[in-house]
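Novice: pasting the sequence and the predicted model now:
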Amino acid sequence: MNALVTGATGFLGSHLCRRLAKDGYNLTILCRPTSKTDALAGLKFTKIVGDVGDSEAVEKAVTGNDVVFHAAAHGMYWGREKEIQNQTNVQGTKNIVEACRRTDVKRLVYVSSITAIGIPESAVHPADENFRFNLENSSFNYHISKKRAEEIVLDAVEKGLDAVIVNPSSIWGPHGEKFRVAEHVEKVRQARILPYFTGGICVVHVEDVVEGIMAALKRGKTGERYILGGENLSLKAIAELAAKQQNLKRSFVPMPSLVVGLAAAMLESVALVSGRRPRITFVTRRLAGCFQYYDSSKAQKELGFSARDFKTILSECISFIESHDSKEK
């Protein structure tokens with residue numbers, strides 16, 4: 001079977017490609033001229049050079065494939081990149097959908113995000129697929145762009161396209177010489193007094209997300225969306241568990257929102273002059289105080305999805321960091 005993957009050179013996309021290759025799929029990838037394919041080393045694939053925003057390149061990439069996995073996205077939380085973000089996430093998805101409708105694609109799996117679900121009001125009630133999106137007219141453009149992209153997919157479903165949507169949460173796991181989101185653990189290793197943001201996230205391992213995507217391909221209902229998440233944990237709890245698992249004594253201090261706000265204002269001002277993305281933006285500052293908690297019960301019931309617990313992910317992350325530390329010495 002022939003499969004196209006967009007976003008193939010990225011973190012999740014590269015793991016998905018390896019799984020597809022293992023299962024015997026003939027791979028085609030669509031990637032920009034500047035994209036490096038190091039994460040796909042050893043895999044056999046057909047490379048189409050282009051951007052999802054280029055309808056001609058998309059048409060060429062989609063043609064001849066049985067299934068399409070659309071995982072390409074622009075995920076930065078910075079207002080200055082709103083235009084390119086919409087071009088990639090919204091127009092890019094429209095191009096993919098239209099190409100799928102014009103060709104003989106049997107199924108489209110759109111890899112969306114929990115950001116398209118919205119953000120729960122509190123930690124007590126995690127959001128599920130029926131949660132009413134609550135970020136319209138907000139400064140969270142990435143969230144809105146992913147929601148708009150889902151609407152494009154669902155509109156095409158109404159017109160006959162066989163498509164299913166998956167919504168991964170905060171993905172952890174190895175990616176080349178790094179472990180994605182390892183900074184949560186590394187900060188604990190580097191300092192005795194640790195400031196923390198007051199919000200929380202839903203943590204899931206990249207390999208579990210890939211399994212969920214494959215399950216959605218085979219068993220997902222047309223036009224349905226499935227949250228692929230794991231444990232919901234506060235950022236403080238993540239830091240505390242990281243310290244405990246490494247036998248480190250640490251003190252934890254909440255970050256005052258005023259201080260973070262001032263830091264975001266300063267860094268964004270500098271970024272306007274330098275043109276470089278700031279480490280903290282107004283959006284990331286706001287998100288850090290939100291409980292981004294989600295419920296994957298639907299995927300568990302309908303897809304057979306399961307996610308490893310956070311302690312298992314944390315152990316892998318710590319081992320990964322220690323292994324790379326020893327190589328550098």
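Specialist: The structure has been received and is ready for your questions. Just so it is clear, the model here is predicted, and its values are computed rather than measured.

Novice: excluding chain neighbours, what is closest to Gly10?
Specialist: Spatial nearest neighbour of Gly10, excluding adjacent residues (C-beta to C-beta, 6 or more residues apart in numbering): Ala71 at 7.1 Å. The C-beta positions use only the backbone N, C-alpha and C, and glycine is treated the same way.

Novice: next, give phi and psi for that neighbour.
Specialist: When quoted as degrees, to the nearest 10, the phi and psi of Ala71 stand at phi -120, psi 0.

Novice: equivalent analysis for Gly223, please.
Specialist: phi 80, psi 0.

Novice: for the host helix or strand of Cys17, name the packing helices and strands.
Specialist: Assigned by DSSP states H and E, Cys17 belongs to helix 11-22. Packing partners of helix 11-22 (3 or more C-beta pairs under 8 Å, 6 or more residues apart in numbering; DSSP states H and E): strand 2-6, strand 26-31, strand 67-70, strand 170-175, helix 206-219.

Novice: restricting to C-alpha, output the first one in PDB.
Specialist: Think strand 2-6. Provided in PDB are the C-alpha atoms of strand 2-6 (Å, rounded to 0.1, in the frame of the first residue of the first chain):
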ATOM      1  CA  ASN A   2       1.200   3.500  -0.800                       C
ATOM      2  CA  ALA A   3       1.200   6.200   1.900                       C
ATOM      3  CA  LEU A   4       2.100   9.900   1.800                       C
ATOM      4  CA  VAL A   5       3.300  11.600   5.000                       C
ATOM      5  CA  THR A   6       3.500  15.400   5.300                       C
END
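
Novice: same for that strand, what does it pack against?
Specialist: By 3+ C-beta pairs under 8 Å, 6+ apart, strand 2-6 packs against helix 11-22, strand 26-31, helix 55-62, strand 67-70.

Novice: centre of the chain to the longest one, how far?
Specialist: Between the mean C-alpha location of helix 11-22 and the chain-wide mean there is a distance of 14 Å, by C-alpha atoms, centre = their mean, to the nearest Å.

Novice: what residues of that helix count as buried?
Specialist: Phe11, Leu12, Gly13, Ser14, His15, Leu16, Cys17, Arg18, Leu20, Ala21 (16 or more other C-beta atoms under 10 Å).

Novice: of those, closest to Pro254?
Specialist: Phe11 (29.6 Å; C-beta to C-beta).

Novice: who are the neighbours in contact with that closest one?
Specialist: Ala39, Ile171, Gly173, His175, Arg180, Val206 (C-beta atoms under 8 Å, 6 or more residues apart in numbering).

Novice: equivalent analysis for Ala123, please.
Specialist: Contacts of Ala123 by C-beta under 8 Å, 6+ apart are Gly200, Asn232, Ser234, Phe291, Tyr293.

Novice: just flag the most distant two among these.
Specialist: Greatest spacing in the contacts of Ala123, by C-beta to C-beta: Ser234 and Tyr293 (9.4 Å).

Novice: so for the two, which sits in the more crowded spot?
Specialist: The residue with more neighbours, out of Ser234 and Tyr293, is Tyr293; 24 against 17, by other C-beta atoms under 10 Å.

Novice: report pLDDT for that one.
Specialist: Tyr293 carries a pLDDT value of 97.

Novice: for it, give its distance to Pro33.
Specialist: 39 Å (C-beta to C-beta, to the nearest Å).

Novice: all the helices of the stretch 151-300 of the chain, residue numbers only.
Specialist: In the stretch 151-300 of the chain, the helices defined using DSSP state H, counting those that start in this stretch lie at 183-190, 206-219, 235-245, 257-274, 282-287, 297-303.

Novice: mean pLDDT lowest where, among those helices?
Specialist: Among the helices of the stretch 151-300 of the chain, helix 257-274 carries the lowest mean pLDDT (a mean of 56).

Novice: what about the residue nearest to Val90 when sequence neighbours are not counted, which helix or strand?
Specialist: Spatially, and ignoring its direct neighbours in sequence, Val90 is nearest to Arg148 (4.8 Å; C-beta to C-beta, 6+ apart). According to DSSP H and E, Arg148 maps onto helix 141-158.

Novice: about what we covered before: show me the contacts for the residue nearest to Gly10.
Specialist: Val5, Thr6, Gly7, Ala8, Gly10, Leu12, Gly13, Leu16, Val111.

Novice: tell me the pLDDT of it.
Specialist: pLDDT at Ala71 comes out at 97.

Novice: please apply the same query to Arg80.
Specialist: Value listed for Arg80 in the pLDDT field: 64.

Novice: now do Lys327
Specialist: pLDDT, Lys327: 60.

Novice: again, but for Gly289
Specialist: For Gly289, pLDDT reads 80.

Novice: just give the nearest non-adjacent residue to it, would you?
Specialist: Gly199 (4.7 Å).
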